[in-house]
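*Asks:* pasted the sequence and its predicted model underneath.
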Amino acid sequence: MPTRKSSKPAAKPNGTHAPLTDSLGNTILIGDCRLVLPTLPQVQQSQVDLVFADPPFNWNRDYDQWKDDMPREDYLTFTYDWIDLCARALKPTGSMVINIPDDTAAEIVCYLKGALARKPAHQMHMVNWCIWHYRFGQNRNGSFINSKVHVLYFCRDPLRRTWNPTQVLEPSDRATTYGDKRTLSKRDGMPPGMRVPMDVWYGPFWGRIQGNNKERKAEHDNQLPEVYLERVVRCASNPGDTVLDPFTGSGTTAVIARNLGRTFLGSEFSADNARRAFQRMLDGPTRPLGTSINASSSIVKTRKALVIPKIKI
Ligand SMILES: C[S@@+](CC[C@H](N)C(=O)[O-])C[C@H]1O[C@@H](n2cnc3c(N)ncnc32)[C@H](O)[C@@H]1O
């Protein structure tokens, strides 16, 4: 398998591979995001509503073509470079959500807040620092087992950001677990018994996509769960909006964005990954969208449950 020899942009010259595009304009470009994304008019003209990025973690993982073991300083420069590119692509109402492990979460937060010597293309505002929690972290006994990734949710303008809480509700613990009737007469504008999810994300269908998981795609061991992208895309973009993912991978963002009526734009360094992601985007999601919306994430045994109306989105 050929690999890149340095951390400098693009082993393959820009334009070697034709873009993969469907009749609706959903597009995956093949190549280094830093080179191929600036060719898109939506990126040049800051027309992107939502960026979701799940970059290589620099853990020496097998990403087909991408060499995932840069010197630390090069990796940080790479990180700030793609973040700047994505920040410039956003509309003033836009948001950026980054999936990143412990190693680099603090650096990204400091960068986006403008707290480092190098300043970001746009100073961004943190909306939430969420955690994606999963139960099957790799076993180890020299330190606590890792069971999370950070979900950094930033926006350009906190007063104008796109935010659709009613698209991502879940049953409250008061309703499912404690029989607390106060949840039936909510004063926050949400339907009875429902709440905006908490900032730690877990529950049915939220596990890592490993082994014989129904969602798993061949040749990918770093897929995110579809419910994760469904939450991100629904809450931070509207139908008809443009969603950009610089690191398309197996195409989780692509399949969810397209099937929620958004326009997907992505880049992927590996041509084989990009082709599989494109096909997955056309094939559609594993489960019907909205599957997790009425599923409780409570971890406490039910003491007394209330009957609450199921909601439709
Ligand atoms: C962590 S995976 C993304 C997984 C994806 N979120 C999913 O659910 O399938 C990172 C992907 O980014 C790709 N990649 C790495 N560096 C890249 C770059 N500079 N430009 C574009 N794609 C890159 C890798 O080939 C890999 O497929």
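*Replies:* All right, it came through fine.
*Asks:* all contacts plus neighbour counts: C-alpha atoms, from now on.
*Replies:* Noted.
*Asks:* hey, what's the spatially most central residue of the chain bridged with?
*Replies:* Nearest residue to the geometric centre of the chain (C-alpha atoms, centre = their mean): Phe52, 4.5 Å. Beta-bridge pairing for Phe52 (DSSP bridges): Val97.
*Asks:* what of the one 10 residues further on?
*Replies:* With beta bridges defined as DSSP bridges, Asp62 has these partners: Lys67.
*Asks:* roughly how far does it sit from Asp32?
*Replies:* Remark: distance between Asp62 and Asp32 (C-alpha to C-alpha, to the nearest Å) = 16 Å.
*Asks:* how many neighbours does Lys217 have?
*Replies:* Using other C-alpha atoms under 10 Å, Lys217 has 18 neighbouring residues.
*Asks:* could you verify my assumption that it touches Ser250?
*Replies:* Yes: the pair Lys217 / Ser250 is scored as a contact, 7.1 Å apart, by C-alpha atoms under 8 Å.
*Asks:* overlap in contacts, these two.
*Replies:* Gln223 (C-alpha atoms under 8 Å, 6 or more residues apart in numbering).
*Asks:* hang on, Asn99 in a helix?
*Replies:* No: per DSSP: H, G, I helix; E, B strand; the rest coil, Asn99 lies outside any helix segment and is strand.
*Asks:* surely the residue nearest to the centre of the chain and Ile98 touch.
*Replies:* Yes: taking contacts as C-alpha under 8 Å, Phe52 lies within contact range of Ile98: 5.9 Å.
*Asks:* list the buried residues for stretch 134-149?
*Replies:* Buried residues in stretch 134-149, counted by 16 or more other C-alpha atoms under 10 Å: 134, 146, 148-149.
*Asks:* let me know the secondary structure of His220.
*Replies:* In three-state terms, and counting by three-state DSSP, His220 is coil.
*Asks:* burial count for it?
*Replies:* His220 has 16 nearby residues by other C-alpha under 10 Å.
*Asks:* and it, what does it touch?
*Replies:* Shown in contact with His220 (C-alpha under 8 Å, 6+ apart): 249-250.
*Asks:* at 10 Å instead, please
*Replies:* By C-alpha atoms under 10 Å, 6 or more residues apart in numbering, the contact list for His220 reads 62-64, 209-210, 249-250, 273, 276.
*Asks:* the ligand contacts on this protein?
*Replies:* Neighbours of the ligand within the chain, by C-alpha under 6 Å from any ligand atom: 31-33, 54-56, 63, 66, 222-224, 246-252, 267-270.
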